[in-house]
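Student: Attaching a predicted model along with its sequence, questions to come.
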Amino acid sequence: MLPPVGKHDNRNSMKMKRLKGQAKKKARLRRRKQEHKAAAVQSSKKASASKKAVKAAPPAAPPPDPVEGG
């Protein structure tokens, strides 16, 4: 079994290029997964906060009655 492949590994065979490419791909996917998860949490927090703000807002006052006269 080979040791973990890293960016400082200077072996340049085709096998090592494939392994390095796969390691980069998996790192990219892990990063993207974390970013999307964080963005989803933030957007759900924003949505729930806005829903709470709408529920907590007092109802609008009815318009005043027109004055009868004249």
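Tutor: Structure's in. What do you need?

Student: From here on, just use CA atoms for contacts and neighbour counts.
Tutor: OK.

Student: can you pull out the helices in this structure?
Tutor: Secondary structure of the chain by DSSP state H: the helices cover 14-56.

Student: count of residues packed around Lys20?
Tutor: Residues lying near Lys20 (other CA atoms under 10 Å) number 19.

Student: mind checking how far it is from Val67?
Tutor: The gap separating Lys20 from Val67 is 81 Å, by CA to CA, to the nearest Å.

Student: Then Val41?
Tutor: 52 Å.

Student: who's more crowded, these two?
Tutor: Set Val41 next to Val67 and count neighbours by other CA under 10 Å: Val41 wins out with 12 against 6.

Student: Could I get the pLDDT score of the more buried one?
Tutor: On pLDDT, Val41 comes in at 86.

Student: For it, give me its contacts.
Tutor: The contact partners of Val41, by CA atoms under 8 Å, 6 or more residues apart in numbering, come to none.

Student: which stretches of this protein have low pLDDT?
Tutor: By pLDDT under 70, the low-scoring segments of the chain are 1-5, 49-59, 69-70.

Student: What residues does Gly6 make contact with?
Tutor: By CA under 8 Å, 6+ apart, the contact list for Gly6 reads Lys20, Ala23.

Student: repeat that for 10 Å
Tutor: Leu19, Lys20, Ala23, Lys24 (CA atoms under 10 Å, 6 or more residues apart in numbering).

Student: Highest neighbour count among those?
Tutor: Lys20 (19 neighbours).

Student: Against Lys33, how distant is it?
Tutor: 20 Å.

Student: can you check Lys45 too?
Tutor: Taking CA to CA as the measure, Lys45 falls 18 Å from Lys33.

Student: List the contacts of Pro63.
Tutor: Taking CA under 10 Å, 6+ apart as the definition, Pro63 has no contacts.
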